[in-house]
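Trainee: sharing a model that was predicted from the sequence below.
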Amino acid sequence: MPIETSTERPAAMPGVQPPQIEVRRVSKAFGPTRALIDVSLTVRRGETRALLGRNGAGKSTLVGLLTGMLRPDSGEIVIGGEAAGAARSVSCVYQHSHLVPAMTVAENIAIGNYPRRPGRRIDWKAVRARAVDALRPWGLEHVVDRPVEKLEPVQVKVVEICRALAQNPLVLMLDEPTAGLDRQDAEQLFTFIDTLKQKSVTLIYVSHHLDEVYRFCDSATVLRDSRVAADAPLDCLPKAELIAAMTGEAQAENQSRWTAPARRTAVSGTAGIGLTIKNLSVPGRVHDFSLQVARGECVGVAGLDGSGKAEIGAVLSGLLTPASGTITIGDRRYRPRDVRTAIDAGIGYVPPNRHQQGIVPQMTITDNSTLTAVRKLSRKVVPGVLSALWPSDCRRVFERLAAQWDIVAASPDQLISQLSGGNQQKCVMARAIATHPEILVLQNPTAGVDVAAKASIMRSLEDMLRRGLALVVISEDADDFVLASRIVVLNHGRVVDELGAEWTDRELVATMQGGLQ
Amino acid sequence: MNSDLNGTASAAAAGARGASPRMGLAFLGSLRELVLVPVIVLLLIFGSLVHPAFLTWNNIVGNVMGGTSVLAILVVAEALLIIAGKFDLSLQSTVALAPMASAVLVVPTVYGGTGAELSPFLGIAIVFAVGLAVGMFNGFLVAKLKLNAFIVTLAMLILLQGLTIGISNGRTIANLPDAYNFIGMTRVLFIPLEVWIALAVIAGAAYFMRFHAIGREIYAIGGNVEAARAAGVRVERVVFGLFILASLLAALAGLVLTSRIASVSTGQGANIIFTVFAASVIGGIDLNGGRGRIVGAATGVLLLGIIQNLLVLLEVPPFWVTAIYGAVILVSMMLGAFAGYLGPLVDALKAGGEKTPRR
């Protein structure tokens, strides 16, 4: 192998750099589940490699193997010329924060690797100095003494990256780095990642967002069903082929079907008024918001974090009581008090974050999917005194919901925590319609869900529209609005624009960020 | 519709509909909560071999079950709270306060009463009124004011214990009217009434948790309180109600205990909270909330009762009993941990070897 023959443009010509990571025919199984089968890949110094695949394709396992958290059953992993496990030379920034919220930024960056003074005392001055050094390139020195819980989401991400880099890794791995960030923060993070690239840091970029992948990455490794489905420079791998590799060839056509044309064919309301919101206000958050959604219509509410869109969702779901405004469902007045009141008024609700407000991990998929309806499903044993919830009734309802949402599971009694993200989300969706609502309010309905599950969810929602439900989709992800006949865009609590059915991604993003005025 | 998704979906649907492959393994559903049963059976065999009086009706039903009826009622009360992700340390003080407050208002001054000399039946009502009041207060502080359950109920444990000593001047009240001793003196179908009461409490709670909407909501609250709230569970109301229910059960336990020993002492119930937690955890109640079954907790009580009984029968020197009891609890916990390891195995068996879609 020719080493260092080309020194003039190392980042642009990764092919000739020495390999930093070599994964050679690695397999890994968990019990009967084969998570990786005969996987090989090579990442060269200075390269940015995308690691792609649907949920359950084996990405997490490969990440675990590379960081040394897991050991391969067969095959070998060589990192920087040494067998993996000898030195922890791959650092990973995980999707969910691994920082200690109550500790300061400096303490978090030094954690596990404290500079010492004689007597093994921690050298707090050095801890702080190191942290300042680490934060300087990002222009974030001023947060060094702040507890992590007081940081902005994007700052937390940067601190995570600083901590990872503080271990002087040969390779830095970023797992869904923009998850939980709004567009603005994501853009800021992108410039940081560009800085890393300029420094020729070897990166592995794990993401569902193909735009980000094409923006940063030199090459991509696609996993599908525990095997490598594609491994090529991105120049030679157009988006359609990449998606085909992720989903299997058969789905590629299907994929393009729901992204663009579905929007055009979105069912428009014909069957009367579903939801009317008039002059809704939440102090400091939402000002004078009005909206009308017809039955069989899907309306999007878009905006960045803090734009007030989350509060509108919370009000509709009953979790938040507004200061003023009226809400009418059909011709009945709805007064938000709590979620039960909302359910009784005919509102189904999909919360923004399934881990926080969606799933109960200890419960089965049946119990999770029917949780909203337990009281309605109860049978009166002694009227007024004793009621009972028969498991068979829940099972029957779950089977109907599972069919509607295409929930894939081994058994109705499987714990929800054992399902993939997409199927968990479908259970949260199922829970929302288990009460037969007239209005369905969805916040970030496809967050952290793979391409195929997104398509499946949108198909099911299309079905709901056809049955005359009114849909309110609250999100900032353009993918979530494919069914919307119009999108109301919020900025700082006020409606700044309403986009018709012909909206484009770029228009949406620009409007959300307050531009295009 | 892609073919891959379709295929697996219909497979799952078939699994859901076709009950026959699951029926054979349905008993495994209760395995985790009955994991102590083999241990109990072994202890019964062991006991019958080492002492002739052990495996007799009177010993098992009268001493073992009768002797643990108070514990059983308290364990049910605590287990309900733990499953909801809360707990109440002050239950043990309610065991003393509820009957004591009642007793001082009923017995004449010569026996330590206040002189009110209320009717015994009103007195029994007062036992539960005290339970209700304590439960409402705890529930208000924890569910409505969102104070930390540990600190609130620890303070209440001390406060209620002090109240018990205060209202009784630290004395034991022994000359109680017959109404108080009724439970301890009555047998129905050769089984002491207190055992019937404990069994009824266990059965009622088990039914409630398994077949009632609120039971399902309690599991959801303990598993993920925000998810429960977003699904329409009125969390504060349910938790408030649970604190009241738990204190009422503690008052009942206090009445049963008073009835068994035909007196009320200021120290009754003292330190029993540790055993209550031990039995709950041994019985598979997850201290993190959201997991565990009432029947399992009841087997935990039975196990501890049998061991305690054996220690007495084997004439273990009383000075050693406490140490052995502690060790037994520890070993049982380790068995419980073992049961935890069995859990995933059970799930795997129930899934019938089908590939578990896992990220």
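Mentor: Great, that's in hand. Numbers count the residues shown, from 1 in each chain, chains lettered A, B, ... in the order given.
Trainee: tell me where the model's unsure across chain A.
Mentor: A:1-16, A:31-33, A:55-56, A:82-88, A:179-183, A:248-271, A:506, A:509-510, A:513-517 (pLDDT under 70).
Trainee: so what are the domain limits for it?
Mentor: By the assignment in automatic domain parsing, chain A contains the domains A:18-86+A:202-247, A:261-512.
Trainee: out of these, flag the one nearest A:Phe190.
Mentor: Proximity to A:Phe190 (CB to CB) singles out domain A:18-86+A:202-247 among these, at 6.8 Å. Quick note: C-beta positions are derived from backbone N, CA and C, even for glycine.
Trainee: how far off centre is that closest one?
Mentor: Here domain A:18-86+A:202-247 is found 19 Å from its chain centre; the criterion is CA atoms, centre = their mean, to the nearest Å.
Trainee: endpoint to endpoint, it covers what distance?
Mentor: 32 Å (CA to CA, to the nearest Å).
Trainee: before we move on, back to that, can you check which of the domains of chain A gets nearest to B:Ala205?
Mentor: Closest approach to B:Ala205 among the domains of chain A is made by domain A:261-512 (13.9 Å; CB to CB).
Trainee: how far off centre is the closest one?
Mentor: On CA atoms, centre = their mean, the centre of domain A:261-512 falls 17 Å from that of its chain.
Trainee: flag the shaky bits of the stretch 251-359 of chain B, pLDDT-wise.
Mentor: Ranges of the stretch 251-359 of chain B meeting pLDDT under 70: B:335-337, B:339-359.
Trainee: so for chain B, which of the domains of chain A sits nearest?
Mentor: domain A:261-512 (3.8 Å; CB to the nearest CB).
Trainee: tell me where the stretch 51-200 of chain B has helices.
Mentor: In the stretch 51-200 of chain B, the helices defined using DSSP state H, counting those that start in this stretch lie at B:57, B:66-67, B:69-83, B:91-106, B:120-139, B:149-168, B:178-185, B:193-211.
Trainee: show me what the fourth one is packed up against.
Mentor: Helices and strands in packing contact with helix B:91-106 are listed as helix B:69-83, helix B:120-139, helix B:149-168, helix B:235-261, helix B:272-282; criterion 3 or more CB pairs under 8 Å, 6 or more residues apart in numbering or on different chains; DSSP states H and E.
Trainee: got the angle for the fourth one vs helix B:120-139?
Mentor: Our comparison of helix B:235-261 with helix B:120-139, counting by axes from the mean of the first three to the mean of the last three CA atoms, to 10 degrees, yields an angle of 140 degrees.
Trainee: now residue 46. Nearest residue, chain neighbours left out?
Mentor: Going with chain A. Among residues not flanking A:Gly46 along the chain, A:Ser200 sits closest, at 4.0 Å (CB to CB, 6 or more residues apart in numbering or on different chains).
Trainee: nope, chain B
Mentor: Nearest one to B:Phe46, counting by CB to CB, 6+ apart, is B:Leu310 at 7.8 Å.
Trainee: quick one, phi psi at A:Gln155?
Mentor: With angles defined as degrees, to the nearest 10, A:Gln155 sits at phi -70, psi -40.
Trainee: quick one: closest of the helices of the stretch 51-200 of chain B to A:Val385.
Mentor: Nearest of those (CB to CB): helix B:193-211, 12.8 Å.
Trainee: mind listing residues that contact whatever helix or strand comes next after that closest one?
Mentor: For helix B:193-211, the succeeding helix or strand toward the C-terminus, using DSSP states H and E, is helix B:213-223. Here helix B:213-223 makes contact (CB atoms under 8 Å, 6 or more residues apart in numbering or on different chains) with A:360-363, A:367, A:371, A:374-375, A:377-378, A:387, A:389, B:80, B:82-85, B:208-209, B:227-228, B:231, B:233, B:235, B:238-239, B:242, B:288-291.
Trainee: next secondary structure element downstream of helix B:213-223?
Mentor: Scanning onward from helix B:213-223 (DSSP H and E), the first element met is helix B:225-230.
Trainee: one step back: need the domains of chain A in JSON lines with mean neighbour count and distance to A:Arg136, can you?
Mentor: Below are the domains of chain A laid out as JSON lines (neighbours: other CB atoms under 10 Å in any protein chain shown; distance: least, CB to CB, whole Å):
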{"stretch": "domain A:18-86+A:202-247", "mean neighbour count": "19", "distance to A:Arg136": "20"}
{"stretch": "domain A:261-512", "mean neighbour count": "20", "distance to A:Arg136": "27"}
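Trainee: rewinding a little: what's the separation between the residue nearest to B:Phe46 and chain A?
Mentor: According to CB to the nearest CB, to the nearest Å, B:Leu310 stands 35 Å off from chain A.
Trainee: tell me which element that residue is part of?
Mentor: Judged by DSSP H and E, B:Leu310 forms part of helix B:294-313.
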